[in-house]
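>>> here's my sequence, what's the structure:
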Amino acid sequence: MVTGLRNPVAKSYRSMIAGMELFEKRRHLAPAAALRFKLLPRNRRTRMQGVELQVEAESFARRVEVAADHTFTLERDEAALRENAAVMPNRKAGTMTWRAEIRTPGLPPHTRRLGDLRLECEVGMEARLISNYRPFLFGWIDALAPEGPEYCRRPAPRYLFFADRPLWSVTLAAGARREVLEVDRLYGGASRDPDWKEDLPYCDCEVLMDRAYFLPLGDASWPDDTRVEFEYMEPPMEAQEQAIAPEQSSKADVRAARGEATVIDFDSGYEVWVYRGKLSPKAPPPAPELVLLFPPSGILAKARIRWGAQSSIIATFSNFACAKSRSEPMASATLGPYAGANSITLSPPSSWRCFRQM
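Residues are numbered from 1 along each chain as shown. Now for the predicted structure:
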């Protein structure tokens, strides 16, 4: 039971019930899904083990069951509504954050559905789950508190979602159309703010930055059944069992070839490096971005090149075979910015070009 806790993390029961009502009104966005609420750590001192939750009103307190994944549901209680009850865990303010969780069953692993996430945003805004951010925080988080669920229908709302694990890339897929999200939509947009670490204590993403991402929720060209596919920083177990290929690039190698990058470093020891610029003087705008992943070992693990809306993934930097593609000569000055890569894959697929280690 939650008793005697000063300055607890608490949410309005009325607001959360309003979020549940909105879910029912808008469930055409996620017709096969159910609504749960989720508790997440806000800072690295937060302990999620043993979290308890209750609805606390003036005349009563009622325990709420919290599942092992820290999700829960609420029942409608007229007495709690009349008494303006609070939903209160046994944790202090500033230690946890809250989100709606709406998941369509049967999706492939490491995949979410865009309609589910659209409705998560709307429910989260209606239920007032988002913590108050300092004005102009990061230069990219809007003043969310006064906004309602209509905020989520903007083309590019700055509503933070959190993946289950640290992210390397997020791809939208609808039929034959695929688009890798630009790095500015990952990690809370830290690639555009050199001072992002100074603002972390004011953001409910403080300990979840390497999992945070934005989505183009209001872009109607992406249907609700669009798959949101995640690639994580950690390789899958089967990849970890394989022998590590030699001759991979170190940070010093990449820095010597390309110069200084915009570096996003995480407490886990992983670093994401971002380079922007033209591949050649004839390359059309927008300028491509090169994104590199360094694990704690300091040896380059993954890379990604993005040309505007057409994107491609450069796989892990191990021995690469140019099967089912064609190889063409390329000037060293053009390849120079990407020295160390075993391959460069250009969109559309008919224009594939493969290169051996330089």
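>>> now the strands for the stretch 201-350 of the chain?
Ranges of strands in the stretch 201-350 of the chain, per DSSP state E, counting those that start in this stretch, are 212-213, 227-232, 262-265, 271-276, 289-294, 302-307, 310-314, 343-344.
>>> okay if I get those strands as JSON lines plus mean pLDDT?
Compiled in JSON lines, the strands of the stretch 201-350 of the chain are given as follows (pLDDT from 0 to 100):
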{"stretch": "strand 212-213", "mean pLDDT": "95"}
{"stretch": "strand 227-232", "mean pLDDT": "96"}
{"stretch": "strand 262-265", "mean pLDDT": "93"}
{"stretch": "strand 271-276", "mean pLDDT": "89"}
{"stretch": "strand 289-294", "mean pLDDT": "87"}
{"stretch": "strand 302-307", "mean pLDDT": "78"}
{"stretch": "strand 310-314", "mean pLDDT": "44"}
{"stretch": "strand 343-344", "mean pLDDT": "36"}
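>>> Glu24 is nearest to which of those strands?
With Cβ to Cβ as the measure, strand 227-232 is the member of the strands of the stretch 201-350 of the chain nearest Glu24 (23.4 Å). In this view, the C-beta of every residue, glycine as well, is placed from N, C-alpha and C.
>>> who's in contact with Val274?
Applying Cβ atoms under 8 Å, 6 or more residues apart in numbering to Val274 gives the contacts 183, 191, 261-264, 289-292.
>>> on that earlier part again, output the strands of the stretch 201-350 of the chain in a markdown table; the columns should cover distance to Arg103.
Below are those laid out as a markdown table (distance: least, Cβ to Cβ, whole Å):
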| stretch | distance to Arg103 |
| --- | --- |
| strand 212-213 | 16 |
| strand 227-232 | 11 |
| strand 262-265 | 28 |
| strand 271-276 | 27 |
| strand 289-294 | 27 |
| strand 302-307 | 26 |
| strand 310-314 | 25 |
| strand 343-344 | 35 |
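>>> hmm, Ile17 is touching Leu81, no?
Yes - counting by Cβ atoms under 8 Å, Ile17 touches Leu81, with 6.6 Å between them.
>>> of these two, who's got more company?
Remark: of Ile17 and Leu81, Ile17 carries more neighbours, 20 against 13, as counted by other Cβ atoms under 10 Å.
>>> nearest to Ile305 among the contacts of Val274?
Using Cβ to Cβ, Leu290 comes nearest to Ile305 of the contacts of Val274, at 5.5 Å.
>>> give me the beta-bridge partners of the closest one?
When assigned by DSSP bridges, Leu290 has beta-bridge partners Tyr275, Ile305.
>>> output the lowest mean pLDDT helix or strand found in the protein.
strand 353-354 (a mean of 32; mean pLDDT, DSSP states H and E).
>>> most remote residue from the protein's center?
When distances are taken from the C-alpha mean of the chain, Ser59 lies farthest, 40.6 Å away, according to Cα atoms, centre = their mean.
>>> separation between that one and Leu200?
As judged by Cβ to Cβ, to the nearest Å, Ser59 and Leu200 stand 40 Å apart.
>>> same check, this time on Gly19
Going from Gly19 to Leu200 by Cβ to Cβ gives 27 Å.
>>> for the stretch 101-250 of the chain, which segments count as helices?
114-126, 196-199, 237-241 (DSSP state H, counting those that start in this stretch).
>>> how far does stretch 9-18 stretch from start to finish?
19 Å (Cα to Cα, to the nearest Å).
>>> can you give me the mean pLDDT across that stretch?
Here stretch 9-18 scores 93 as its mean pLDDT.
>>> who's more crowded, Gly19 and Leu200?
Comparing Gly19 with Leu200 by other Cβ under 10 Å, the one with more neighbours is Gly19, at 24 against 16.
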